[in-house]
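# I need the structure of the sequence given here:
(2 chains)
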Amino acid sequence: MSESAKIGVFFCNCGKTISERIDIKKLKEEVQSAGGVQCIEEFESLCRKPEQEKLSSLMKKEGVERVVIAGCSPKLYEELFARTLKEAGINPEFLVISNIREQCSWVFPEKDTATRKALEDIRQKVSRAKSLEAFDEVDVPAEQKVLAIGGGIAGLETALELSKLGFKVTLIEKSSALGGRTLKLNKSYVIEENPKDYVQAKVDLVNKDDNIEILTETELVKLNGSPGNFTAKIKQSGEKKDLNVGAIVVATGLSTRFPRESYGIDLSEKVVTQLQLEEILASPEKSDARFKGDNKAHVLFVTGMIGEDSKLSTASALKNALLLKGKYDCLTYVACQEMKVAGDRLEEMYRKAREEGVIFFKYNGNPPSFVTNGSEIKAVVSDYFLSAGEKGIPQVKIPCDLLVLEENLVPTEDFAALRGTLDIKLGPRGFFQQDNVHQVPVKSNKSGIFLVGSCRQPMDIVEVLADAGSAATQIVSLLSPGKIKVNDNRWTIEKGKCTLCLTCVRFCPHGAIGWTRAAEASEGLCQACGVCASECPAIAIQVKNYTNDQILTELEEILNK
Amino acid sequence: MEKASSKIVVFCCYQSAYEAADMAGTMGLSLPDNLNVVRVPCTGKVDTIHILRAFELGAEGVIVLACHDENCKFLTGNIRARKRVEYLKGILEEIGLEKERLEIYNLAPNMGHRFAEVASSMAENLKKLRSAEV
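Next up is the predicted model:
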């Protein structure tokens, strides 16, 4: 709070855009006569370099301490003006923008009204400017080292990308070998190479890389600290040790579950999941034994019975139906709700499958049923588009030599524990991803922790690679060049008022608050949303420049006290 | 006093609704002239005390404009804001104010039209309440 600080109000005509709809001269007089403002000046277009230099030297000459700029929306040039203030030796926190262009001159067609509203807004902003408090940005050293959790394709690729960019990476994997689930695949529809060879090549590269340390049979057990300075406790075969890292990459992938309840049939020799089929196809002996012969095998793929068809299961059904058709001339059928072909090459595969004679049923709400008789399985399938009016929907019986069922793609078993250790939030579908336009997809709710690959949503190899690259870029921009800018003392608490009810700890969306004898926030993790301050029952917490007093001052000014 | 009592205070989330208000200007829509915007980093920062104090100081209506569900930059700010507004509506009724005087809406930055719409509908509602009082 500073009533005596020297305040400057600077008007921008915005090249007449504002001045022709608002009476700037009158505004200036009114602001002058209201008092409390030491320096008033009008500019033609403040976003231009020469005008900013003029502003800068004026502010220096007059010794202005707080600045209100009345012009266009802060969404446009707030950062630019903040830099101008910095150059003039004023803390950029002391800048307030009065939006008299978008929110006054453009929404109130009458000049008098627009001028009155602009005056109201400027008064509101002047009172805000008086109430602002300074805080500084300080540099904290950032460890140029990253911990990657998960040795699948996502973890491997992120480690390689980071190593190229000069970071040290510790890659931990809970099983005894690297490679992950991609090793189980027979063929991928997005890359030409055999997935096994593809992953093996990455594993070899990682093994050769001096920047990457590989620890298998290792788990993360505890995490402390903030971006740039995390302390991760890891456990390798019973032995615990601490690692200091700047950022963490979670790349734990997904796992599959066969939902028997959705199908009412058990897995057997003739009933397999999509992943089991991949394993059969991956071994030439097994697949020859099953599909080679004079009698063409009937193979039915079913997707969509466990909810919505997913892109990955559609892709898998198309890929393998085509493969069986081409290699063994099997009679292949696909029963689905809808074809999810929103992905590279999928529409092309769908067309090709129909051309080659794969038969598609879109059951649309009438899912197939399965009749077993000894070892024989018959599927009763209907197609919505073959419905015959009053006669109902005709049903087709397919004798299945092999029934391939879609499985649930679920987070890995240790997912919940890991989530607890990292203290990060889940997205709406149980994976890590937050489907949020305001967030970079690979970022988690906790700054410094990144999510790559299928742990945030089921994805194919190409998407995983894109994720890895994007996470690496984010990490570089966070940790380079060896320091992180952190606001000093923006978050404040009156320790005497804190009763350790921990409401703030529970409500903080970013896991930024901890406690010793009173709640305390890590400035590195705090993103100044103010949720804790508003929830605190004791009103002990304040976030500087959006404190209760400051907001109330604005309200009082709006409502004429 | 007369002047203050006809004001509508709009708490705008800087991530979405503030931009929607700008968008209303860019689109050349007109707004009720008793509207005053308070910029907040997130509607999660709008405390019960802020809203109650606005009414106490004579605001006729208060609108809280938050991001859409699952779209809060700070993940849960909009959910907290909605809970607080719902709680406050009960309090308003208890102290004899109509609960229509306080509303919360979800906006995206490109929803200038919606901004103008909710602002004018609040202004209309308040007009109705005023004439009912007389």
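
# mind listing the helices for the stretch 151-300 of chain A?
A:153-164, A:195-208, A:260-263, A:274-282, A:284-291 (DSSP state H, counting those that start in this stretch).

# any idea of the angle the first one forms with helix A:195-208?
For the pair helix A:153-164 and helix A:195-208, the angle between their directions (axes from the mean of the first three to the mean of the last three CA atoms, to 10 degrees) equals 40 degrees.

# Now helix A:153-164: buried residues?
Residues of helix A:153-164 classed as buried: A:153, A:154, A:155, A:156, A:157, A:158, A:159, A:160, A:161, A:162, A:163 (neighbour count, 16 or more other CB atoms under 10 Å in any protein chain shown). Quick note: C-beta positions are derived from backbone N, CA and C, even for glycine.

# For the helix or strand of chain B with the lowest mean pLDDT, name the packing helices and strands.
Sorting the helices and strands of chain B by mean pLDDT, DSSP states H and E puts helix B:112-133 at the bottom, at a mean of 92. Packing partners of helix B:112-133 (3 or more CB pairs under 8 Å, 6 or more residues apart in numbering or on different chains; DSSP states H and E): strand B:8-13, helix B:17-26, strand B:61-66, strand B:102-106.

# could the ones you listed be laid out in a markdown table, adding mean pLDDT?
Formatted as a markdown table, the helices and strands packed on helix B:112-133 follow (pLDDT from 0 to 100):
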| stretch | mean pLDDT |
| --- | --- |
| strand B:8-13 | 96 |
| helix B:17-26 | 94 |
| strand B:61-66 | 96 |
| strand B:102-106 | 96 |
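
# out of those, nearest to chain A?
Set against chain A and scored by CB to the nearest CB, the helices and strands packed on helix B:112-133 come closest in helix B:17-26, at 3.4 Å.

# Does anything pack onto the closest one? Which helices or strands?
The helices and strands touching helix B:17-26, judged by 3+ CB pairs under 8 Å, 6+ apart, are helix A:74-87, strand B:8-13, strand B:35-40, strand B:61-66, helix B:112-133.

# how many degrees apart are that helix and strand B:8-13 in direction?
120 degrees.

# Check the spacing between residue A:175 and residue A:467 real quick.
Noted for residue A:175: a distance of 21 Å to residue A:467, by CB to CB, to the nearest Å.

# I meant residue B:48, not that one.
Per CB to CB, residue B:48 is found 41 Å from residue A:467.

# More neighbours: which of these two?
Neighbour comparison, residue B:48 and residue A:467: the larger count goes to residue A:467, with 25 against 14 (by other CB atoms under 10 Å in any protein chain shown).

# now that one: how far from residue A:152?
Distance, residue A:467 to residue A:152, by CB to CB: 12 Å.

# Burial check on residue A:287, number of neighbours?
Around residue A:287 there are 19 residues (other CB under 10 Å).

# Touching, it and residue A:277? I think so.
No: using CB atoms under 8 Å as the test, residue A:287 is too far from residue A:277 to be in contact (9.2 Å).

# so what sits against both of residue A:467 and residue A:152?
Both residue A:467 and residue A:152 are contacted by residue A:453, under the criterion CB atoms under 8 Å, 6 or more residues apart in numbering or on different chains.

# Residue A:532 is in contact with residue A:508, correct?
Yes: Residue A:508 is within contact range of residue A:532, at 5.4 Å (criterion: CB under 8 Å).

# What's the end-to-end length of stretch A:442-450?
Stretch A:442-450 has an end-to-end distance of 5 Å (CA to CA, to the nearest Å).

# Name the residues that touch that stretch?
Applying CB under 8 Å, 6+ apart, the set of residues contacting stretch A:442-450 is A:226-228, A:230, A:246-250, A:422-425, A:432, A:434, A:451-452, A:456, A:467, A:470-471, A:474-475, A:478, A:509-512, A:524-525, A:527, B:75.

# Next step: the residues you listed restricted to strands.
Among the contacts of stretch A:442-450, the members found in strands (DSSP state E) are A:226, A:230, A:247, A:248, A:249, A:250, A:451.

# hang on, the earlier thing: export the helices and strands packed on helix B:112-133 as a markdown table, with columns for mean neighbour count.
Below are the helices and strands packed on helix B:112-133 laid out as a markdown table (neighbours: other CB atoms under 10 Å in any protein chain shown):
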| stretch | mean neighbour count |
| --- | --- |
| strand B:8-13 | 25 |
| helix B:17-26 | 25 |
| strand B:61-66 | 26 |
| strand B:102-106 | 21 |
